[in-house]
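Q: build me a model from this:
(2 chains)
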2 protein chains.
Amino acid sequence: MDLATCLKKMELVGVLAFATVDSDGAPQIRNISAIHYEPDALYFFTARGKNFCKELLEDGRVQILCYTKYKEMIRLSGKAYAVPGDEQMKWRDKIFEEQPYLGNVYPGDTRSIGIIFCIDKAEIEYFHLGVNPIFRETYRLGDVKLKEKGYFITESCIGCGTCREMCPQRCIEDGSPFTIRQNHCLHCGNCYENCPVKAIERR
Amino acid sequence: MDLATCLKKMELVGVLAFATVDSDGAPQIRNISAIHYEPDALYFFTARGKNFCKELLEDGRVQILCYTKYKEMIRLSGKAYAVPGDEQMKWRDKIFEEQPYLGNVYPGDTRSIGIIFCIDKAEIEYFHLGVNPIFRETYRLGDVKLKEKGYFITESCIGCGTCREMCPQRCIEDGSPFTIRQNHCLHCGNCYENCPVKAIERR
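A: Numbering: from 1, shown residues only, chains lettered A, B, ... in the order given. Okay, the predicted model is just below:
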């Protein structure tokens, strides 16, 4: 898997879930299909009067999720910004051209209530629960720093093998210290909870 | 549409998007299918070591979204809580029985790393973009107060008809004042932006 394939899969799913936070710090989620994909960015349309727009302008942090027909989960985390005024019309008209049904929702000139946001820096996580062991990998769009997440076995490991036995995905390997194959880890925490010497770190 | 039908549709979609907020106040979203539906509550399974679990225990606010094959969007907003210890096993085993694939992800006793959360008070929004005009309605699960959202025309209306002309869904009716048919409103804000006397309120 790679970034370009992830973006293509998102485009093929079409209708994606977009999460933001509102001014009370509460999670907000809705489906968005008015999206145009470029190799290095995605552009999407919403109406200026929607709470979604308010949340993007005030905070901008967004996670986008899709689930494919092949049972893959792809999640994009980034920050959205409104594109400059002189580019608004170009992307808006492109999205309406690619997705003619939008013309039923916003007929004629009413599309001018729309605003175009762009995401060109993001972390993209690919997660496949349907293979054994499960598979996950992270890619970057643009210049972003990836955050290390999950569980890691430290030098305090005594090599007892408890974690290896407790791992639902059998993705812990012998060694000194033992190691977790990160691409196959569920992040369930069973190793962490059961290590007799607390040698496992959560990051 | 009604509450029971919405819950049934969510169950049939199966894999839903769950949004929470993390300790940085950032939006977090993931797919969850390990859900059991009762008429008055839903129960779901996650692992104690996942950030999702941490976010639920620390904040608890969650929005759940599904998109049906008939292009309907259903969104549930509520607060999740961990069920009491003596009920954990009952719901966990029911979910694993209903969805045998979970036994591949968490084989044998490793399912004990799971924790069951319940949502029994929620607002459920139904939104259909594929009909003309679009249709939306809100239901309640349990004893919750529904929040009034959207645009409302006040007594300051001068009856000029600008809003009616600007509405992409043609869902504004003549009268004194004019009124917005709330079940057909996109919340796009085009009436609000164009009212010459600022007679339209956003709530």
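
Q: C-alpha only now, for contacts and for neighbours.
A: Fine.

Q: buried set for the helix of greatest length in chain A?
A: Secondary structure of chain A per DSSP state H: the longest helix is helix A:85-98. Using 16 or more other CA atoms under 10 Å in any protein chain shown as the test for burial, helix A:85-98 gives A:Gln88, A:Met89, A:Trp91, A:Arg92, A:Ile95, A:Phe96.

Q: A:Ile29: how many residues sit nearby?
A: 29 (other CA atoms under 10 Å in any protein chain shown).

Q: domains in chain A, by residue range?
A: Domain assignment for chain A, taken from automatic domain parsing, gives A:3-141, A:151-202.

Q: name the helix or strand for A:Asn31, please.
A: Using DSSP states H and E, A:Asn31 maps to strand A:27-32.

Q: list the buried ones in that strand?
A: Buried, per 16+ other CA under 10 Å, within strand A:27-32: A:Pro27, A:Gln28, A:Ile29, A:Arg30, A:Asn31.

Q: hmm, who's touching the longest helix of chain A?
A: When contacts are defined by CA atoms under 8 Å, 6 or more residues apart in numbering or on different chains, helix A:85-98 is touched by residues A:Ala34, A:Ile35, A:His36, A:Tyr43, A:Phe44, A:Phe45, A:Leu102, A:Gly103, A:Gly114, A:Ile115, A:Ile116.

Q: so which other helices or strands are in contact with the helix or strand harbouring the last one?
A: Which is A:Ile116. If you go by DSSP H and E, A:Ile116 is part of strand A:114-119. When contacts are defined as 3 or more CA pairs under 8 Å, 6 or more residues apart in numbering or on different chains; DSSP states H and E, strand A:114-119 packs onto strand A:41-47, strand A:81-82, helix A:85-98.

Q: can you lay out those as JSON lines showing mean pLDDT?
A: As requested, those are exported to JSON lines (pLDDT from 0 to 100):
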{"stretch": "strand A:41-47", "mean pLDDT": "98"}
{"stretch": "strand A:81-82", "mean pLDDT": "98"}
{"stretch": "helix A:85-98", "mean pLDDT": "97"}
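
Q: any idea which of those gets closest to B:Arg61?
A: With distances scored as CA to CA, the stretch of these nearest to B:Arg61 is strand A:41-47 (24.5 Å).

Q: and A:Leu16, what is it in contact with?
A: Counting by CA under 8 Å, 6+ apart, A:Leu16 makes contact with A:Met10, A:Asn31, A:Ile32, A:Ser33, A:Ile64, A:Leu65, A:Cys66.

Q: the same query, at a cut-off of 7 Å, please.
A: When the contact criterion is CA atoms under 7 Å, 6 or more residues apart in numbering or on different chains, the partners of A:Leu16 are A:Asn31, A:Ile32, A:Ser33, A:Ile64, A:Leu65, A:Cys66.

Q: may I have the phi/psi pair for it?
A: phi -110, psi 160 (degrees, to the nearest 10).

Q: follow-up on the earlier one: in TSV, list the domains of chain A along with distance to B:Arg181.
A: What follows is the domains of chain A, written out as TSV (distance: least, CA to CA, whole Å):
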stretch	distance to B:Arg181
domain A:3-141	16
domain A:151-202	47
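
Q: out of the ones you listed, which is closest to B:Gln169?
A: Taking CA to CA, domain A:3-141 is the member of the domains of chain A nearest to B:Gln169, at 6.9 Å.

Q: for the least confident helix or strand in chain A by mean pLDDT, packing partners?
A: Across the helices and strands of chain A, mean pLDDT, DSSP states H and E gives its lowest value to helix A:102-105, namely a mean of 95. For helix A:102-105, there is no helix or strand it packs on, judged by 3 or more CA pairs under 7 Å, 6 or more residues apart in numbering or on different chains; DSSP states H and E.
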